[in-house]
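Student: next comes the sequence, and after it the predicted model I'd like to discuss.
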Amino acid sequence: MNRLQNKEKYVVGVDLGGTKMAVALFDGQGALVNRDRMETAGVKTAAELTQHLVQMINQVAQGRPLSGIGLASAGAVNSREGIVLHGTNLPEWENVPLKKWMEESLGTEVQVVNDANAAAWGEYVRGAGKGSENMVYVTLSTGIGAGIVLDGKLLLGSHSFAGELGHTILDPDGPLCRCGNRGCWETVSSGTAIRDSALRLLEHTPSAIADIAAAAGEAVSAKHIFEARKRSDPVAIQVLDQAIYFMALGLVNVIHSFNPDRIVVGGGVSKAGDLLFPALRAETQRLVMEPYRRTFEIVPAGLKDDAGLVGAAALFHTCDGR
Ligand SMILES: [Zn+2]
């Protein structure tokens, strides 16, 4: 397929999450043309979910010629063969040959990647990573996901499991992680980690956090703890100082490993904006080895919730250049 033909064709991006799936049609220049989404709660099997997905893609494409379908999936993915090894969507979602099934139904090439890797690629091609050469994307949400772009290529590794930075261990005596180890990065810096360490302190320390959450009619989350930090709440200060210290430690490991020129930080916790970024930048500069100082920037993600969708589609846009 030459460059001109590709520009005349369209690309579909799919984001297959834990509770919903989103489909979007992009033109050859990467502009979003059409989109749709559905909740997947009522779907029972992987085959049924694939049928829904094929229908959605056909509806969104409306007969336009496709040069490919990029699919970002939650869970462990074998990108080379397009198999979702362990999805988070369905209990029996094991070793699903999604690429094969979808290519048979749609007659178009399908690429499957892990959702954090797709989001990293989306940020690199069309978001806050644009113009960088070596970029690391970190998403701070309920867990920590990441993707690494080195010399303009998404790093997949031998089994396409590269970039699982949320499970790099920062504190061997730290909290138990869902992976079975202790003190993984996501157990000390994710939104869940921030909430849990505040809840532990709230049991015996006065704080405005519970009031802020109650006034919003919500359960306590990282958002309320950042809000309390603005009011110099002592629990919020203690919890966030510790979480940001560990965030910076995690980034320092990343910087020493990959020497990126840009680190893009997304996910719900990144919405704290100015309550997070200046402190995170200062702490990272403090902890990083001297030759690395001021060799990188730490910036907020640009694509927000669409990063996976855009990045999956952009797997087919690389020939258009950036
Ligand atoms: Zn872990």
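Tutor: Yep, it's here.

Student: for the residue nearest to Val254 when sequence neighbours are not counted, give its distance to the ion.
Tutor: Once flanking residues are discounted, Val254 sits nearest to Val136: 5.2 Å by Cβ to Cβ, 6 or more residues apart in numbering. C-beta coordinates here come from the backbone N, C-alpha and C atoms, glycine included. Counting by Cβ to the ion, to the nearest Å, the gap from Val136 to the ion is 18 Å.

Student: verify the stated contact: Val136 with Phe258.
Tutor: Yes: the pair Val136 / Phe258 is scored as a contact, 6.0 Å apart, by Cβ atoms under 8 Å.

Student: circling back: could you list everything the residue nearest to Val254 pairs with in the sheet?
Tutor: Val136 forms beta bridges with Ile148, Ile263, as assigned by DSSP bridges.

Student: who are the contact partners of it?
Tutor: Contact partners of Val136, counting by Cβ atoms under 8 Å, 6 or more residues apart in numbering, are Ala120, Ala146, Gly147, Ile148, Val149, Leu165, Val254, Phe258, Pro260, Arg262, Ile263, Val264.

Student: repeat for Val113
Tutor: 70-73, 77, 79, 121, 154, 156, 160, 311-312, 315.

Student: of those residues, just say which sits nearest to Glu104.
Tutor: Nearest to Glu104 out of those is Leu71 (Cβ to Cβ; 14.5 Å).

Student: now do the SS call for the closest one.
Tutor: strand (DSSP: H, G, I helix; E, B strand; the rest coil).

Student: how many residues are close by the nearest residue to Ser132 once chain neighbours are set aside?
Tutor: With sequence-adjacent residues excluded and distances taken as Cβ to Cβ, 6+ apart, Ser132 is closest to Arg262, at 3.9 Å. Arg262: 21 surrounding residues under other Cβ atoms under 10 Å.

Student: with Tyr137 instead?
Tutor: 34.

Student: wait, it sits on Pro260?
Tutor: No: between Tyr137 and Pro260 there is no contact, the gap being 9.6 Å when judged by Cβ under 8 Å.

Student: so what sits against both of these two?
Tutor: Common neighbours of Tyr137 and Pro260, using Cβ under 8 Å, 6+ apart, are Ile148.

Student: against Ser189, how distant is the residue of the stretch 201-322 of the chain found nearest the ion?
Tutor: At 12.3 Å from the ion, Gly250 is the closest residue in the stretch 201-322 of the chain, using Cβ to the ion. According to Cβ to Cβ, to the nearest Å, Gly250 and Ser189 sit 6 Å apart.

Student: now swap in Ile237 and tell me
Tutor: Distance of Ile237 to Ser189, given as Cβ to Cβ: 16 Å.

Student: more neighbours: the two, which one.
Tutor: Ser189 (28 against 14).
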